[in-house]
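Enquirer: Quick one: sequence and predicted model below, then my questions.
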Amino acid sequence: MPANGAPTKITQGTRTKGGIGESTLRPDGTLKVTGEFAYSSDMWHEDMLWGQILRSTVAHAEIVSIDTSEALALPGVYAVMTYDDLPTDVKNYGLEIQDTPVLAHGKVRHHGEPVAIVAADHPETARRAAAKIKVDYRELPVITDEASATAPDAVLVHDNRDDHHFGHVPHPNIVHRQPIVRGDVEEARKRADVIVEGEYTFGMQDQAFLGPESGLAVPEEDGGVHLYIATQWLHSDLRQIAPVLGLPEEKVRMTLAGVGGAFGGREDLSMQIHACLLALRTGKPVKIVYNRFESFFGHVHRHPAKLYYEHGATRDGKLTHLKCRIVLDGGAYASASPAVVGNAASLSVGPYVVDDVDIEAFALYTNNPPCGAMRGFGAVQACFAYEAQMDKVAEQLGMDPVEFRQLNAMEQGTIMPTGQPVDSPAPVAELLRRVKAMPMPPERQWESSEGADVRQLPGGLSNTTHGEGVVRGVGYAVGIKNVGFSEGFDDYSTARVRMEVVGGEPVATVHTAMAEVGQGGVTVHAQIARTELGVTQVTIHPADTQVGSAGSTSASRQTYVTGGAVKNACELVREKVLDLGRRKFGSYHPAWATAELLLEGGKVVTDGGEVLADLVDVLENEAVEVEEEWRHRPTEAFDLRTGQGNGHVQYSFAAHRAVVEVDTELGLVKVIELACAQDVGKALNPLSVIGQIQGGTTQGLGVAVMEEIVVDPKTAKVKNPSFTDYLIPTILDTPTIPVDVLELADDHAPYGLRGIGEAPTLSSTPAVLAAIRNATGLELNRTPVRPEHLTGTA
Amino acid sequence: MRVNFTVNGRPQEADDVWEGESLLYVLRERLGLPGSKNACEQGECGSCTVRLDGVPVCSCLVAAGQVEGREVVTVEGLADYAKQRSCGTGACGTSLQDAQQWQAKGTDSQTGEGSELSPIQQAFIDAGAVQCGFCTPGLLVAADEMLEHNPNPTDADIREALSGNLCRCTGYEKIMDAVRLAAARQSEGV
Amino acid sequence: MDFLRPASWEEALAAKAEHPTAVPIAGGTDVMVEINFDHRRPEYLMDLNRIGDLSEWEVGEDSVRLGASVPYSSIMEHLRAELPGLALASHTVASPQIRNRGGVGGNLGTASPAGDAHPALLAAGAEVEVESVRGSRRIPIDEFYTGVKRNALAPDELIRAVHIKKADGPQQYSKVGTRNAMVIAVCAFGLALHPETRTVRTGIGSAAPTPVRAKAAEEFLNAALEEGGFWDNGKIITPSVAKQFAQLCSAACNPIDDVRGTASYRRHAVGVMARRTLTWTWESYRGARRTTEGAA
């Protein structure tokens, strides 16, 4: 007992449960396992109509005429709309360049472009009506690749371009071009003992989120519309939708419906404007749900790419230079192509030190399907190429491929080809060391007492081998991805945090417009609020446009940026709560004025752990609320000629080791294990972090061995818009994915965290390819690799 | 046309059904049971998996007219279904304590808290097997059925049984964990 | 669209006679995809699920009478001994959910060259029992497939059952797809040894406009096995015989390039599968012979 008459009762503050660093469970988990979680396709309204889109059956054509009369005459049809029915002069939309027509005008530029829309009382009526619309096309030659796009007499995909990239591109069929020049490649080349060239092809990958594009637009009494929608960025949608409808933004209310995955495919608009147009036209709620076939036309894909690389190295294993040229196929509309170009160029060197570079990346306009954002965003294609190159250079030098990478690995302080110093940990060599140190999976796991278990062999249940022709291979890869929006973009988020007493308990409410697409942002926001505000109960308000923009759920940025905004708003709320406490109770205890005060376990405590007051008593009937924008450090644009500039705010690194077994006679691949090591800065929710890494890894596996949208080069038509012929990995294709998480804090980021969602998608693909090369001895310069490529029958 | 059938133990009647409608459409749009998901509508993804007379099927490929007079269990009825199953094996009955604590089943519309879950549903939450959740209902129905007749599956058994259910978010590792967890809890009688 | 629900086989035949364009639907795994994706709008859909007989099978002296709607999962579970080739083929069909609904009748009705059951039926030897109000007939499987997605059914006929010869020797089935589960065949191969008649039969899927047998390969192998006394001496088939058999199987293909695979790959893969399945079945035959001899 203290003898000096000091407080007789000292309570130690208890740390709040469920804060950051714990694997708390998803707040929406119960709803999702009971089937009650309302996804955008689950929306339902009394009296609602169904919308249907009529899409072009050809890739490039003039529209000679459209006749909607038969469709309109069909009983049950409420509206049929074409370009001529658009209500205002704003008839295009787009993320950066507004080049995408809401409905085709005079011309279609890709297979599956929306031409007309219908609203009817049943989806079948709407489909029948759409089928009755007569469109007369006069076909035009198709632009499908670099040669056809940049030929001197090439047909222009867009004439009359006036976007801000048009002034610096070498050809009107080039959306944007970004060179990066640093050092002196010609001089550096003279120091090289080996020079390795490679030409690589990356196929068109689809996000293949399972929840189809869908939503419900409900007309409102004030003439506005309320859209319940699955998207990655509510405010970006709003900015594009409102002008087309001729409504002020406040009359277009948007609420996030449940999102069934996104992966970049919901950055662009799909059915949003169409549903609103039909709702406003008919005065009735209109629901649109794409089927899987339509979904393949309804969103942008990952840019297919051709990559031409030349590396040099000295005999002792140091890279001398990089010359590369990355040609991305942007398809018919710009979407996110300019930013994808910036990423591909600035990350084309990979996580390596190369002082002398001559790089160019550009995106084409073609009549192929439009391409834009997908997890990894430009860095994926580059990683596939530079990692193949690393193996080739190492082989030429007779070096171990991992040691060679480690010898050239970047680290904190390395200067990027853009001139930007890497100012936080870059443990590239360490990640490689860790992934290599993981125990190898046992050989011949398919052998059992009852003979071969085909489920564990290439070909799986199809019973193609009982071990014949099966060869094991091992491959490594590592990648670098930027986090957040780059190149001078004003990348911010907004959070509104409220604290009050509900039912005798202090409760925090977090309201942001962040799109929860499955990544677990809602889980993390609650954790941040618990840590910062010392409460157990946190309510996550549904995301909508009644609060400021959160920016996009892309670029691995939401935990960083909206997490940062929530943290910041919580800190401001905490200050206000403490002020309130000081006013009420300051005179009772000197610590109110002198100590560092925290909120923990529902109490105000000193940093020494002494409890000063219950939050319930501080707040009483008052609610404390703050809404505030929060930004990460600003970035700069890349110079248009040299590519120099502090373009990125943070980098994220992951390394993979792939172990595969290849049936070398049939060309079938079974990935046995895909081990990953990744630096996450700080794991706010370790369970979610691992889930993200395993999911990203698997998407990389998919594009290594099976996923590709095949476009006919003669017609630019999509040949496999279905889950029957666009294959994504099943549980029998996906191996065990051991994950080693490293936490090296980035001092510039909230809690030291690092965006994590994309990096594992980069290195997984080249690791699998390297393992297949290791097993087969083949060069394999394209992905996905098909059985034909492994058997000489392409 | 009119279709009468039983869903999750309750008789249901759907009117004005277009002959080309699938069971999935009727469940989702006519009966207010959107838990079964419409991800591909071609039998390739398993998101719409339901039990039809006890057998897991893709409800998108069952014509509505084919379910006349038959019994369907969807994810919405999975918890009750699992509970009745365990009753069937004698591990059931309401204890006095439970009876005293019983209250009307109210669920929190934000979090669903208060819902009674089946072991496989709880395991999916606990193991982190749910991300976007769109594949989850179909996986739960398929996994629950597997555990019903194979309570101690090997990893290869789990993979084979769930090979008709695509997931795009998780890379399946946490799904494997969830099924292993449910199997372990089941064998421990938890 | 009208939905017909015949309660008996006779009602179904009458309905089909009255509405020859009626599309029968049983498992729905083909028909519903076409309806969902708006590829097909039949005037009449005719549900066959109510006809219990179609989901039953009978194991006879020489053959199995397999109801048209017996789901693949039942074949896998209950007929592995009698119809090993078809049971293996059934196991490669799509997913567990699809195998619970789909049956051989649907595969035959659709007559897609990629149907998984065809190579196994061709190799085992089978007859398709079809019926109309005019009467019943049995179509030998070799005469059933008449073109791409076309079969020998008359417009008023329905498939009632398939009579498949019970295995008198080892059978194998292999299918190449670009995924380890739930995949449509790039190409497939079925092989059945028939020690009683000392013949070998084959079936090739997805490598010609219709499912086909590699008849020249069968004849070659029959002769080679006979000549070398292999059926009696149970020796290992020489690599050169296996190789030539594989080449002749490849030569029996008439494939196309499509999004699932190249013609050249299909030919190659059929050859590899032919060689492997020959090895597996022959090893099994030798093993069984040894066991029998050991017992005797």
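Expert: The structure has been received and is ready for your questions.

Enquirer: just checking, residue A:86 touches residue A:93?
Expert: No - contact between residue A:86 and residue A:93 fails when scored by CB atoms under 8 Å: they sit 11.1 Å apart. Heads up, the C-betas are built off the backbone N, CA and C, glycines and all.

Enquirer: Touching both of these two, which residues are there?
Expert: A:102, A:244 (CB atoms under 8 Å, 6 or more residues apart in numbering or on different chains).

Enquirer: ok, residue C:30 touching residue C:110?
Expert: Yes - look at residue C:30 against residue C:110 with CB under 8 Å: they come within range, at 4.9 Å.

Enquirer: residues contacting residue A:596?
Expert: Residue A:596 neighbours (CB under 8 Å, 6+ apart): A:606, A:607.

Enquirer: now it: how far from chain B?
Expert: Going from residue A:596 to chain B by CB to the nearest CB, to the nearest Å gives 34 Å.

Enquirer: Distance-wise, check that residue relative to residue C:34.
Expert: According to CB to CB, to the nearest Å, residue A:596 and residue C:34 sit 69 Å apart.

Enquirer: where does the chain have low pLDDT?
Expert: Reading this off chain A. Counting by pLDDT under 70, chain A contains low-confidence residues at A:1-14.

Enquirer: That was the other one, I meant chain C.
Expert: C:292-296.

Enquirer: where along it do the strands fall?
Expert: C:2-4, C:23-25, C:44-47, C:57-59, C:63-67, C:126-132, C:135-140, C:145-147, C:150-151, C:158-165, C:171-176, C:187-194, C:199-205 (DSSP state E).

Enquirer: Name the surrounding residues that touch the first one.
Expert: Spelled out, it's strand C:2-4. Contact with strand C:2-4 is made by B:1, B:19, B:63, B:65, C:15, C:19, C:22, C:43, C:44, C:45, C:46, C:47, as judged by CB under 8 Å, 6+ apart.

Enquirer: Just the buried positions in that strand, please.
Expert: C:3, C:4 (16 or more other CB atoms under 10 Å in any protein chain shown).

Enquirer: partners of that strand in the sheet?
Expert: Next to strand C:2-4 in the sheet, as set by DSSP bridges, lie strand C:44-47 (parallel).

Enquirer: just how off-centre is the partner strand within its chain?
Expert: Taking CA atoms, centre = their mean, to the nearest Å, the mean C-alpha location of strand C:44-47 is offset from the chain mean by 25 Å.

Enquirer: count of residues packed around residue A:454?
Expert: For residue A:454, the count of nearby residues is 24 (other CB atoms under 10 Å in any protein chain shown).

Enquirer: what sits against it?
Expert: So residue A:454 contacts A:446, A:460, A:461, A:462, A:463, A:464, A:465, A:466 (CB under 8 Å, 6+ apart).

Enquirer: Phi and psi next, for it.
Expert: Dihedral pair for residue A:454: phi -60, psi -20, per degrees, to the nearest 10.

Enquirer: how near is it to residue A:705?
Expert: Residue A:454 sits 18 Å away from residue A:705, taking CB to CB as the criterion.

Enquirer: for chain B, what are the nearby residues on the stretch 251-400 of chain A?
Expert: A:258, A:259, A:260, A:261, A:262, A:263, A:289, A:291, A:292 (CB under 8 Å from any CB of the partner chain).
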